[in-house]
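**Student:** What shape does this take:
(one chain, ligands or ions: 2)
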Amino acid sequence: MNVDKLMIELEKKHPGEVEYLQAVREVVESIEEVYNQNPQFEAAGIIERLVEPDKIITFKVPWVDDQGQTHVNLGHRVQFNNAIGPYKGGIRFHPSVNLSSLKFLGFEQIFKNSLTTLPMGGAKGGSDFNPKGKSQQEIMRFCHSFMIQLWKNLGPDMDIPAGDIGVGGREVGYMFGMHKKLTGEHVGVFTGKGRNWGGSLIRPEATGYGAVYFAQEMLKAKGESIEGKVASVSGFGNVSWGAIKKLNHLGAKVVTISGPDGYIYDPEGISGEKIDYLLELRASNQDIAKPYSYEFPNAQFHEGKRPWEVKCDLAFPCAIQNELDENDAKNLVDNGCKVVSEGANMPCTPEAIDLLLENKVLYGPGKAANAGGVATSGLEQTQNAMKLNWPAEEVEEKLRQIMVSIHDSCANYGKESDGYINYMKGANIAGFMKVASAMLDQGVI
Ligand code: NDP
Ligand code: 2IT
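**Tutor:** Numbers count the residues shown, from 1 in each chain. Ligands and ions are numbered 1, 2, ... in the order given. Now for the predicted structure:
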């Protein structure tokens with residue numbers, strides 16, 4: 001494989017798909033050496049087949065708002081690769097959704113799911129629908145319409161979606177409900193379901209918990225722990241919430257959260273009733289950062305800024321792609337940050353990653369650090385297939401073990417001669433090797 005040649009060809013075929021090309025470049029640069037040491041990969045065209053999705057389904061989603069006005073959004077499902085298991089990955093509702101962002105997310109999902117040790121292929125879906133400010137009825141009508149278009153392409157052994165930005169338990173409920181109505185079957189075709197009807201008891205917390213467990217493992221390898229550390233977290237959605245809960249539980253102090261409008265710095269730490277207050281704001285569909293600073297006057301709101309300028313030991317970007325750039329990474333390094341564990345998918349730009357690696361920061365890439373969410377989805381599927389419900393403690397212990405195992409796989413492939421672990425390289429190689437070997441076994445299809 002010649003990385004530059006491959007990327008030139010890909011850019012010609014998919015012009016302007018910036019995020020997708022960014023995600024592919026990172027992986028192919030990491031695996032180039034092992035790929036070229038294994039001539040069977042080249043002969044079987046593994047990389048050329050892996051960078052193109054198996055199938056993309058695009059459809060219109062018409063829906064009627066509360067005033068009787070009709071709207072039309074676009075929906076997509078990118079079924080990227082099912083070499084090691086059925087397609088699996090979340091659904092995102094956000095105005096920024098387009099094919100480039102879903103292809104980057106689906107591509108990342110292949111390697112992430114491979115790292116979990118569970119048999120899951122990679123996929124992603126979503127729509128440019130903006131759930132912000134919509135009523136419950138509007139959300140329900142949209143979700144039903146989305147599923148009317150997509151249901152034929154899903155199944156517990158074919159493709160199993162879950163949540164992502166703008167899609168949580170409520171939206172999964174509405175989409176699952178329509179799937180059940182159309183098929184007449186109550187099957188585990190979604191994960192992140194309600195706790196009373198097949199959902200895993202800790203799926204909502206799992207991604208954030210996993211990102212903290214991954215940071216814990218990176219620190220452990222250096223003889224350190226989470227306790228007593230100061231942590232900066234971005235966003236305040238599903239993933240940030242889980243990360244903040246676990247960080248508090250393990251004795252860290254969380255000093256930031258953020259939204260698209262800016263960030264909150266709370267030097268006293270964000271825990272307990274403050275988290276309850278944030279959850280209330282979120283449930284009532286309001287911005288969170290500014291109202292938080294009115295409610296807790298010792299906290300400061302920094303309008304239009306990102307939290308990475310705050311001094312911290314641990315950073316958890318948990319909001320959206322490319323939310324931490326080279327300048328932010330420089331601020332983190334200058335302020336003595338030791339760990340960056342990505343709760344979000346691809347939150348660090350390539351320049352930011354280079355700077356973190358050069359400065360030997362412990363950098364946990366999203367496909368490893370946030371894999372606890374989809375891993376717990378895999379456990380939910382297992383429970384559904386067995387028609388069992390495991391207690392929360394049992395699922396969390398399984399999740400913790402999976403995060404340890406992901407850490408060890410990355411360390412195995414990412415250890416450098418001076419002992420520093422390049423987790424990005426390790427994650428990409430470990431994730432790739434399993435999928436490539438399955439593709440070789442199954443022939444050119
Ligand atoms: P949510 O919709 O629950 O939360 C997203 C959060 O990010 C919200 O607080 C949102 O603020 C904030 N946000 C959105 N855009 C920006 C921006 N431009 N700048 C700052 N903040 C922003 O999504 P999730 O928590 O589920 O997902 C967050 C990230 O984690 C995504 O990258 C997702 O792909 C990834 N992820 C999610 C998993 C899951 O299980 N849910 C699993 C693995 C990864 P507001 O609501 O005000 O817009
Ligand atoms: O990015 C992700 O891993 C998710 N949004 C979760 C996917 C899943 O199927 O649980």
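
**Student:** of all of the chain, which residue lies closest to ligand 2?
**Tutor:** The nearest approach of the chain to ligand 2 comes at residue 90, 2.8 Å away (C-beta to the nearest ligand atom). Quick note: C-beta positions are derived from backbone N, CA and C, even for glycine.

**Student:** what separates the spatially closest residue to residue 444 that is not a sequence neighbour from ligand 1, distance-wise?
**Tutor:** Leaving aside its chain neighbours, residue 444 sits nearest to residue 44 (6.5 Å; criterion: C-beta to C-beta, 6 or more residues apart in numbering). Per C-beta to the nearest ligand atom, to the nearest Å, residue 44 is found 30 Å from ligand 1.

**Student:** ok now do residue 44, which residues does it touch?
**Tutor:** Applying C-beta atoms under 8 Å, 6 or more residues apart in numbering to residue 44 gives the contacts 439-440, 444.

**Student:** same thing with residue 228?
**Tutor:** With contacts defined as C-beta under 8 Å, 6+ apart, the neighbours of residue 228 are 251-252.

**Student:** so what's the residue of the stretch 151-300 of the chain found nearest ligand 1 up against?
**Tutor:** Ranked by C-beta to the nearest ligand atom, the top residue of the stretch 151-300 of the chain for proximity to ligand 1 is residue 237, at 1.7 Å. Taking C-beta under 8 Å, 6+ apart, we find residue 237 in contact with 165, 282, 318-319.

**Student:** Output the set of residues of the chain in proximity to ligand 1.
**Tutor:** Within reach of ligand 1 by C-beta under 6 Å from any ligand atom, the chain has these residues: 90, 163-166, 207, 235-239, 258-260, 287, 318-320, 323, 343-345, 370, 373.

**Student:** ok, back up a step: which among the contacts of residue 44 gets closest to residue 98?
**Tutor:** Checking the contacts of residue 44 against residue 98 by C-beta to C-beta gives residue 439 as the nearest, at 27.5 Å.

**Student:** Quick check, that closest one in contact with residue 48.
**Tutor:** No: judged on C-beta atoms under 8 Å, residue 439 makes no contact with residue 48 at a distance of 11.1 Å.

**Student:** who's more crowded, these two?
**Tutor:** Taking neighbours as other C-beta atoms under 10 Å, residue 439 and residue 48 compare with residue 439 leading, 20 against 13.

**Student:** Helix or strand for the more buried one, just tell me which one.
**Tutor:** helix 423-442 (DSSP states H and E).

**Student:** Mind listing what's buried along that helix?
**Tutor:** By neighbour count with 16 or more other C-beta atoms under 10 Å, helix 423-442 contains the buried residues 423-440.

**Student:** same deal with stretch 147-164?
**Tutor:** 147-151, 153-155, 159-164.

**Student:** coming back round to it: name the member of the contacts of residue 237 with the most neighbours.
**Tutor:** residue 318 (30 neighbours).

**Student:** who touches that residue in this structure?
**Tutor:** Per C-beta under 8 Å, 6+ apart, neighbours of residue 318: 208, 211, 233-235, 237, 239-240, 243, 343-344, 347.

**Student:** May I see the residues you listed organised as JSON lines, with pLDDT added?
**Tutor:** Shown next, in JSON lines, are those (pLDDT from 0 to 100):
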{"residue": "208", "pLDDT": "98"}
{"residue": "211", "pLDDT": "98"}
{"residue": "233", "pLDDT": "98"}
{"residue": "234", "pLDDT": "98"}
{"residue": "235", "pLDDT": "96"}
{"residue": "237", "pLDDT": "95"}
{"residue": "239", "pLDDT": "98"}
{"residue": "240", "pLDDT": "98"}
{"residue": "243", "pLDDT": "98"}
{"residue": "343", "pLDDT": "98"}
{"residue": "344", "pLDDT": "98"}
{"residue": "347", "pLDDT": "98"}
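
**Student:** now, which of these sits nearest residue 143?
**Tutor:** Checking the contacts of residue 318 one by one against residue 143 (C-beta to C-beta), the nearest turns out to be residue 237, at 17.9 Å.
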